[in-house]
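1. My questions are about this predicted structure, shown below with the sequence.
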Amino acid sequence: MITVVGIGADGWPSLSPETRELVLSADLLVGGERQLDLVPDDAAGERRPWPKSIVALVDELPALDDSRSIVVLASGDPLLHGVGATIVRRLGDERVRIVPAISSYALACARLGWPQADTELVSATSRIPEVVVPALQPGRRIVVLGFGARSAAEIARVLRERGFGASRLVVLEELGGEAEAIIDSTADDWGDRDAAALHVVALEVGGDGRLLGRAPGLPDDAYEHDGQITKSDVRAITLAALVPVPGQLLWDVGAGSGSVAIEWLRAAPGARAIAIERDAERARRIERNAVALGVPSLRVVNGEAPAALDALDERPDAIFIGGGLTTYGLLTRCRKALRSGGRLVANVVTVEGETLLSRAHAEQGGRLKRLAITHAEPLGAFTGWRPALPVTQYELRVP
Ligand SMILES: C[S@@+](CC[C@H](N)C(=O)[O-])C[C@H]1O[C@@H](n2cnc3c(N)ncnc32)[C@H](O)[C@@H]1O
């Protein structure tokens, strides 16, 4: 059994007598230098600091565990974006026991008097502060787990750039430790200052930034694009058919500006997506859009489908075909790639594309629909209805 023990910033005294005994009698202690230093010298076990690649040692743990008892030391609650989560993900939950301490998230909420269930937790441990963007809605309370001394300044910058500089920004340093400090500021006033290396940032969103929700169908001009974009109304209907689910994987084939994959990720935190786009400039634009809209985890593959799909090693739960449908073999290749329970959605605006979809509908079943959206627009001194190109959409669910 591998035991992962969380230690608070108050160190050794934060552990219960049983947990201390567990640590003192372990054959092998694994942890960050900071956590290992908190363990008294009379702990008998070998001490091993995390190497650069934590994952390599995590994979080694089961073999080491055969003859010895292993304790992994983590900070706070190991399962809250911590090493405990990495270990359970790789080794499964059966051979791992978790002993949590109070998380920095719980401490931050406690210091501010914010109910945890009404507060959003965002991890910026990937070092990209834009991950906070999907949560930027008026009045929203957010706690961001940071990535070192620069995170407060970087998060403040992201808010200012989007018109949310008036937001309350509280920097909570060394929570639970002797050097604990809480600095109440705003994103405007915080400026570019460094904070302590260990801190979390709490935000209460204010200001007059643009309102962008999590529901699909963001305005087209929320994206950088060259006209190759699934338009807002059609996109909302498309995402509803794809059904974003946390943990599930989408392939966005012929991704254009990446809007479908980006909204899949925004709609379901923890969902995953790969955008496949043959045009190199568009592929770079997709990357920029993903960061700007707060979903930097989007993987972009610059290549031509269906050949480019062969390099993808995991079967998807949903596939959207927004381009390349008439490329030989693409539709069949995509349908066969889907996992059980998967959803395929394809949109076309050409007669040639529609012919393929109507054949697929006849052979495979599914749903075929036509979306004809008409917007009111100025017509001289009056207003007239301007129809967009009708889109034919095919939707198939595999058993
Ligand atoms: C209409 S756009 C898709 C719009 C996209 N859903 C969006 O919202 O931005 C079609 C895109 O598919 C790309 N494309 C066409 N055939 C392709 C293929 N076989 N493989 C990969 N990309 C392809 C084009 O370069 C173009 O960017």
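-> Now that the structure is in, tell me what you want to look at. All values reported here derive from a predicted model rather than from experimental measurement.
2. List, one by one, the residues from the stretch 151-300 of the chain near the ligand.
-> Contact residues (Cβ under 6 Å from any ligand atom) of the stretch 151-300 of the chain with the ligand: 228-230, 254-260, 276-279, 282. From N, CA and C alone the C-beta is placed, and that goes for glycine too.
3. Can you give me the distance of the closest residue to the ligand within the stretch 101-250 of the chain to L15?
-> The ligand sits closest to T230 of the stretch 101-250 of the chain, with a gap of 3.5 Å, by Cβ to the nearest ligand atom. Counting by Cβ to Cβ, to the nearest Å, the gap from T230 to L15 is 53 Å.
4. How about A166?
-> Applying Cβ to Cβ, the value for A166 to L15 is 42 Å.
5. Could you check which of the two has the larger neighbour count?
-> Comparing A166 with L15 by other Cβ atoms under 10 Å, the one with more neighbours is L15, at 21 against 17.
6. The nearest residue to the more buried one once chain neighbours are set aside: neighbouring residues, count only.
-> Excluding the flanking residues, the one nearest L15 by Cβ to Cβ, 6 or more residues apart in numbering is I7, at 6.6 Å. Per other Cβ under 10 Å, the neighbour tally for I7 reads 25.
7. Can you classify the closest residue to R315 other than its chain neighbours as helix, strand or coil?
-> In this structure, R315 finds its nearest non-sequential neighbour in R339, 4.7 Å apart by Cβ to Cβ, 6+ apart. Per DSSP: H, G, I helix; E, B strand; the rest coil, the secondary structure class of R339 is coil.
8. how about the helices in the protein?
-> Assigned helices in the chain, in chain order: 17-25, 33-37, 54-65, 83-91, 104-112, 151-161, 187-190, 232-242, 259-267, 280-292, 330-337, 351-364 (criterion: DSSP state H).
9. which of those sits most buried?
-> Of all these, helix 259-267 has the most neighbours on average by mean count of other Cβ atoms under 10 Å, namely a mean of 27.
10. got the angle for that one vs helix 280-292?
-> 20 degrees (axes from the mean of the first three to the mean of the last three Cα atoms, to 10 degrees).
11. what's helix 259-267 packed up against?
-> helix 232-242, strand 249-253, strand 272-277, helix 280-292, strand 318-321 (3 or more Cβ pairs under 8 Å, 6 or more residues apart in numbering; DSSP states H and E).
12. Report pLDDT for the residue of the chain found nearest the ligand.
-> Nearest residue of the chain to the ligand (Cβ to the nearest ligand atom) works out as G323 at 1.9 Å. pLDDT, G323: 91.
13. For the remainder of this discussion, apply numbering that starts at 20.
-> From this message on, residue numbering opens at 20, which makes the last subject G342.
14. Now for it: which residues touch it?
-> Residues near G342 by Cβ atoms under 8 Å, 6 or more residues apart in numbering: Q247, V272, G273, A274, G275, E296.
15. and if we set it to 7 Å?
-> G273, G275 (Cβ atoms under 7 Å, 6 or more residues apart in numbering).
16. next one: the one 10 residues further on
-> R352 sits next to P325, L328 when contact means Cβ under 7 Å, 6+ apart.
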